[in-house]
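Asker: have a look at this prediction, sequence included:
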Amino acid sequence: MRRKMLWHALVYAEQYWPVFPCSPSKKIPLTPHGFKDATCSKDMIRDWWTRWPDANIGFAVPQNYIILDIDPRNDGSEGGLPGTRTVSTPAGGLHLYYWALTGDEAFTKQWRQGVDVKAPGKGYVLFPPSKTSAGKYEWLNRGRMTLLPRDVYDDITKAKRNRSPVRWPAAHAYSDNSAEGALAWSLQRLALATEGSRNDTLFSVTTFLVKVLFGSGAEKNLQDIALTKIEIQALRIGLDSFEVQRTMRSAYDAVAR
């Protein structure tokens, strides 16, 4: 069991999912700064799980992720939500993992009755095969993540901005067809970026789009065309060429390393 937890933590890190140790059979972080200490560093992970070999595996929600925590004990239900990567929780609930192009939005803590929101930089969940006194966390669906539906995104963002209509990709697992919709939406998001947030938006858009293109299995020429269009849009909104190339390369490397 001890080596098993370390092995799982390292596998998650290889997928660029930042993890950290939590108390065995509990959700309490063992690190000084909790989920803010989450990392993909294999050396750090080996050190942690050597010190706490039975520790549960915490996952800090990263940018471009939204996790919906369904709790049936509080009448929570996934009704109406598209299928996506899913984990069952010990209490009989679900963790639904969705893509979302997140930036500096403020998110509500709850979407609807019994459905809590785990937003980037604001929280964490436990990864399988972590367990509590109530039971284990288990993967029900390890397939591709689905895009968070636009109406749900609007519901859970506190700051409802005056946004121009944006083409939101279809709410289903990405394929070659939906990659084009993701590109169109990303271009719109970049075009609407306000001064002072344009570089951050470019990084977030590029990271999101690279994940979509890789996840959909899109051909190399489609990837190149999509990123070229993003670069052109970034130049149009006033970013200089050197800054654009540096930011996009940083975003690309963060995903495709």
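Answerer: Cool, the structure landed.
Asker: next, find the distance separating the spatially most central residue of the chain from residue 42.
Answerer: Centroid-nearest residue in the chain: residue 65, 2.1 Å away (criterion: CA atoms, centre = their mean). Look at residue 65 and residue 42: by CB to CB, to the nearest Å, they are 21 Å apart. C-betas here are computed from N, CA, C, even on glycine.
Asker: now do residue 8
Answerer: 13 Å.
Asker: the two: who's more crowded?
Answerer: Ranked by neighbour count (other CB atoms under 10 Å), residue 8 and residue 42 place residue 8 first, with 17 against 12.
Asker: residues in contact with that one?
Answerer: Listed by CB atoms under 8 Å, 6 or more residues apart in numbering, the contact set of residue 8 reads 57, 127, 128, 129.
Asker: now the buried members of the residues you listed.
Answerer: Among the contacts of residue 8, those buried by neighbour count (16 or more other CB atoms under 10 Å) are 57, 127, 128.
Asker: other SSEs contacting the longest helix along the chain?
Answerer: In the chain, ranked by residue count with DSSP state H as the criterion, the top helix is helix 198-216. Of the remaining helices and strands, those touching helix 198-216 by 3 or more CB pairs under 8 Å, 6 or more residues apart in numbering; DSSP states H and E are strand 94-99, helix 176-191, helix 220-236, helix 241-256.
Asker: and of these, who's closest to residue 28?
Answerer: strand 94-99 (18.1 Å; CB to CB).
Asker: partners of the closest one, with directions?
Answerer: strand 65-70 (antiparallel), strand 85-88 (antiparallel), strand 146-147 (parallel) (DSSP bridges).
Asker: what angle sits between the first one and helix 198-216?
Answerer: Spelled out, it's strand 65-70. Put simply, strand 65-70 runs at 70 degrees to helix 198-216, going by axes from the mean of the first three to the mean of the last three CA atoms, to 10 degrees.
Asker: contacts for strand 65-70, please.
Answerer: Against strand 65-70 from outside (CB under 8 Å, 6+ apart): 61, 76-78, 81, 89, 93-100, 102, 107, 111, 114-120, 125, 148, 152-153, 156.
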